[in-house]
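>>> Take this sequence and fold it.
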Amino acid sequence: MRVFIFGIGGTGSRVLRSLTMLLASGVKINQKALTVIPIVIDTDAHNGDTSRTRDVLRNYYTIRKNFVNKTVNSESDSFFNTEIRSFNRLDEKAPDSADLDVQFNFQNQDNTFANFINYNALSQPNKDMIELFYNDSVNQFPELHLNLSVGFKGNPNIGSVVFNDLKYSQQFKNLESSFTANDRVFIISSIFGGTGSSGFPTLVKLIRTSTNNNLAKTKIGAITVMPYFNVESNDKSAINSAIFDTKTKAALSFYSGDTHISSINSLYYIADNNQPGSLPNVEGGVDQINNAHVIELISATAIIDFLNTDDATLESPRCLEFGSESDGSPFTIAQFTNDTKEKYIKPLTKFAYATKIGTDFIPTLSNETFYGPKELNIDSALGMQGEYNKLMEFFEGFKTWSTTEMGSANNGRAFNSFNFEGSDNVNTLVHGKTIEAGIFDKGLSKKKVAAKLTSSEVGLPKDMAIPEKYLTMLYETSCYCLDEFGQLP
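Sure, this is the predicted structure:
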């Protein structure tokens, strides 16, 4: 199965980033031959959130190619166990590439909206009609003269016109020509801005009215992300979080009467009313880089849920919401249900152990303690060179994503998950539960972790490729640490 995952706008990019972290952690998907094809759709081509997501996807691709055996799939017990392919490389026989292109290119995205609709060539009666619908005044936010290269600035009335042009793009034509009966589509969008709320219904319409019957009849999953953060008030900005709820209600009202939206097989809804903090008010471009948020992580789990749902269950359209054991801010692992912990938090915890061991433990272990560095010849890895650099970059990015960003109080609802402080300590890695340590070698000491790394290396096939052996050792040692840790909070 292939799943085409469309991330629309800034929220779409950020949810894709969280999905990448879940896939890296080895989360299980009940599709043996699954290929994930991520596609970012945003006229703001230089958006900071988009660039960051593109970089983490490229790192994932490179790591999987160099550290993972080709037989590993989404049902395997392994990190990076799900294949990600580029939208521009749908043919599995195409030559391999170290790069991963995920950006859906818009035509004429550097134009103003007036140029996009060829306003100056219209007759005067048509110009007058256009001005009834789109503001042409000289105030701060004239709609007709909006520069599309920085997105729609919360104007779905403009976005719907621009997104409708996607059907003429070569990329959408390529999608139509290659889509098969075994493929699925998932769409990520927000509903309180301009890009997501306009792009979502337009994209669903283009799919359902496609000339390729496989695409028109495909199983579609989607998550509609409602307000979950505020932005700072700024009279000079077109973005105003005070009207997020109003925009959400208007969009939901429109969706309720849209026949194409009602045909979606699994439609997920999520929001967060706990929004005391405020993010910087940045209208777009390279400076728009928002902290990761627990809502984005939860949204990513909706994609896994959709992929793990069989075709028979998806025959009748259904709507779903996310549930937790209790409310709270900051949010913690303990507040997730047991089902969520088992499916998603456990794999993330294993990956957190691997991150800690790979970045803080292994570089400091001597050959007397752990002969891995000598036997595996990973000195170059510890010097942050070549392919190993990508893995270390990913580990450091995971630290930032899971703690510095999601744990930020500015998010409104911080998520306290892991603690990576202390180079010699993994006993306090998981927030909310500490492994008892003591003078009699209790807990997860560096000595115990080193011994497990060594025994893992000894037990692996001698002819296993060194990068694969290195990642497998980390996985097996992380499983050992999680077993020693016991039940999650």
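>>> Can you give me the domain boundaries for this protein?
The chain breaks down by automatic domain parsing into domains covering 2-110+148-322, 113-146, 338-485.
>>> Show me the one of those that comes nearest Pro330.
When these are compared by Cβ to Cβ, domain 338-485 sits nearest Pro330, at 3.9 Å. Just so you know, the C-beta spots here come from the backbone N, C-alpha and C atoms, and that holds for glycine as well.
>>> Just the terminal-to-terminal distance for that closest one.
With Cα to Cα, to the nearest Å applied, domain 338-485 spans 16 Å between its terminal residues.
>>> Same question for stretch 66-84.
13 Å.
>>> same thing with stretch 338-354?
Note: stretch 338-354 ends 23 Å apart using Cα to Cα.
>>> Likewise for stretch 259-270?
21 Å.
>>> Same question for stretch 38-56.
Stretch 38-56 has an end-to-end distance of 12 Å (criterion: Cα to Cα).
>>> for stretch 211-222, same thing?
Start-to-end, stretch 211-222 (Cα to Cα) is 21 Å.
>>> Residues touching that stretch, excluding its own?
Residues from elsewhere that reach stretch 211-222 (Cβ atoms under 8 Å, 6 or more residues apart in numbering): 175-177, 179-181, 183-189, 200, 204, 207-210, 263-268, 302-303, 306-307, 311, 314.
>>> and stretch 391-407, which residues are buried?
Buried residues in stretch 391-407, defined by neighbour count with 16 or more other Cβ atoms under 10 Å: 391-395, 397-399, 401-403, 405-407.
>>> and if you look at stretch 451-470?
In stretch 451-470, counting by 16+ other Cβ under 10 Å, buried: Lys452, Leu453, Thr454, Ser456, Glu457, Pro467, Glu468, Lys469, Tyr470.
>>> ok so Ser13 is a helix residue?
Yes - under DSSP: H, G, I helix; E, B strand; the rest coil, Ser13 sits within a helix.
>>> okay but it is in contact with Val40, surely?
Yes - under the contact definition of Cβ atoms under 8 Å, Ser13 touches Val40, with a separation of 5.6 Å.
>>> and for the two, which residues touch both?
What both Ser13 and Val40 touch, as defined by Cβ under 8 Å, 6+ apart, is the set Gly7, Thr50, Thr53.
>>> quick revisit: can you add distance to Leu19 and give the buried residues of stretch 391-407 back as a markdown table?
Shown next, in a markdown table, are the buried residues of stretch 391-407 (distance: Cβ to Cβ, whole Å):
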| residue | distance to Leu19 |
| --- | --- |
| Leu391 | 19 |
| Met392 | 21 |
| Glu393 | 18 |
| Phe394 | 14 |
| Phe395 | 18 |
| Gly397 | 14 |
| Phe398 | 13 |
| Lys399 | 18 |
| Trp401 | 12 |
| Ser402 | 14 |
| Thr403 | 19 |
| Glu405 | 15 |
| Met406 | 14 |
| Gly407 | 20 |
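>>> Let's have those residues in JSON lines, adding pLDDT, distance to Asp77 and secondary structure.
Putting the buried residues of stretch 391-407 into JSON lines (pLDDT from 0 to 100; distance: Cβ to Cβ, whole Å; DSSP: H, G, I helix; E, B strand; the rest coil) gives the following:
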{"residue": "Leu391", "pLDDT": "91", "distance to Asp77": "18", "secondary structure": "helix"}
{"residue": "Met392", "pLDDT": "90", "distance to Asp77": "23", "secondary structure": "helix"}
{"residue": "Glu393", "pLDDT": "93", "distance to Asp77": "24", "secondary structure": "helix"}
{"residue": "Phe394", "pLDDT": "96", "distance to Asp77": "19", "secondary structure": "helix"}
{"residue": "Phe395", "pLDDT": "97", "distance to Asp77": "19", "secondary structure": "helix"}
{"residue": "Gly397", "pLDDT": "96", "distance to Asp77": "23", "secondary structure": "helix"}
{"residue": "Phe398", "pLDDT": "98", "distance to Asp77": "19", "secondary structure": "helix"}
{"residue": "Lys399", "pLDDT": "97", "distance to Asp77": "23", "secondary structure": "helix"}
{"residue": "Trp401", "pLDDT": "97", "distance to Asp77": "23", "secondary structure": "helix"}
{"residue": "Ser402", "pLDDT": "97", "distance to Asp77": "21", "secondary structure": "helix"}
{"residue": "Thr403", "pLDDT": "95", "distance to Asp77": "25", "secondary structure": "helix"}
{"residue": "Glu405", "pLDDT": "93", "distance to Asp77": "28", "secondary structure": "helix"}
{"residue": "Met406", "pLDDT": "93", "distance to Asp77": "26", "secondary structure": "coil"}
{"residue": "Gly407", "pLDDT": "92", "distance to Asp77": "29", "secondary structure": "coil"}
